[in-house]
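Q: just need the structure, nothing else, for what follows:
(one chain, ligands or ions: 1)
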Amino acid sequence: KEKVEITKEQKALTKVIVEAYNRHQIPQDVAKKLLQDQYSVEENFLLLTEMATSQVQVIVEFTKSIPGFLSLDHEDQIALLKGSAVEAMFLRSAQVFSKKMPNGHNGILEERIRKSGISEEFITPMFNFYKSIIGLHMSLEEQALLTAITILTPDRPYVKDHQAVEKLQEPMLDVLRKVCVLQHPQEPQYFARLLGRLTELRTLTHYHAEMLTSWRMNDHKFTPLLCEIWDVQ
Ligand SMILES: Cc1cc(Cl)ccc1OCc1nc2ccc(F)cc2n1[C@H](C(=O)NC1CCCCC1)C1CCCCC1
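A: Predicted coordinates:
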């Protein structure tokens, strides 16, 4: 049985990523807001656009803290952020949804999201993804590293220097693999299952523009930033 050892450098890298991720805190309050009140479909849509907009800003700050990211070609930096923004939003939504809340609150939150205005056909795949994330019982390190790995995906559209992105993603994958072995010794396949969620995340992201334009109301208004990120309008 191979003895898994995390090197000093890998410990330092994990620390940087987890600290950046913790600064990533908003929009944790979206769950609180949704539990406070029932909103109309229009108010929910507005809440989503506000949350998504602040999430984009937070993701940019998180990504800038990833060692080496700012040394990438500037256009590639934009391509990576644009290409991963929606996946990062769903990943963040799943993590917010997976937070243990006082009794019954998780049920209320699920109910509010089901009735928020999202079209019926997208509710099931979305919650299937959330529940598969919950089932993994991810640690904070795993959540932070998985988010960084998602952003540093070399094969995003318009990325020119794939190699340079791979060189940043690989050390993250190495340390995530070791963290998984150390934190889930009983589940040798845990790391593979974790990466498998990224495939499910891409499938869910595939529908995102339709999820927005089919929100049960008329006249969907998007900000220019969200038009860029969400490929709508
Ligand atoms: C991310 C996303 C993309 C598309 Cl296209 C459609 C939908 C969606 O989020 C669904 C979704 N899943 C959730 C799970 C837990 C939760 F607390 C909120 C959640 N939301 C939406 C939200 O605020 N997400 C933000 C969470 C933080 C990061 C940025 C995004 C709320 C908006 C108000 C109406 C109820 C859904």
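
Q: quick one: buried residues of the worst-scoring helix or strand of the chain on mean pLDDT?
A: Least confident helix or strand, the chain: helix 29-36 with a mean of 89, by mean pLDDT, DSSP states H and E. Residues of helix 29-36 classed as buried by neighbour count (16 or more other Cβ atoms under 10 Å): 30, 31, 34. In this view, the C-beta of every residue, glycine as well, is placed from N, C-alpha and C.

Q: contact partners of that helix?
A: Applying Cβ atoms under 8 Å, 6 or more residues apart in numbering, the contact partners of helix 29-36 are 47, 51, 96, 97, 99, 101, 105, 108, 109, 112, 113, 116.

Q: tell me, which of these make contact with the ligand?
A: Within the set of the contacts of helix 29-36, contact with the ligand (Cβ under 6 Å from any ligand atom) is found for 47, 51, 96, 97, 113, 116.

Q: pretty sure the last one sits against residue 42.
A: No - counting by Cβ atoms under 8 Å, residue 116 does not reach residue 42; the two are 10.7 Å apart.

Q: with neighbour numbers in mind, choose between those two.
A: Neighbour count, other Cβ atoms under 10 Å: between residue 116 and residue 42, residue 116 has more, with 20 against 16.

Q: what's the separation between the nearest residue to that one once chain neighbours are set aside and residue 37?
A: Counting by Cβ to Cβ, 6 or more residues apart in numbering, residue 116 lies nearest to residue 44, which is 4.1 Å off, once chain neighbours are set aside. Separation of residue 44 from residue 37 (Cβ to Cβ, to the nearest Å): 10 Å.

Q: which one's more surrounded, these two?
A: residue 44 (21 against 8).

Q: per-residue confidence for that one?
A: Note on residue 44: pLDDT of 96.

Q: I'd like the distance between it and residue 102.
A: 22 Å.

Q: then residue 154?
A: Distance from residue 154 to residue 102, by Cβ to Cβ: 42 Å.

Q: same check, this time on residue 170
A: Using Cβ to Cβ, we find residue 170 at a distance of 41 Å from residue 102.

Q: neighbour count winner among these two?
A: Of the pair residue 170 and residue 102, residue 170 is the one with more neighbours under other Cβ under 10 Å, namely 13 against 7.

Q: name the element the more buried one belongs to?
A: Using DSSP states H and E, residue 170 sits in helix 162-183.
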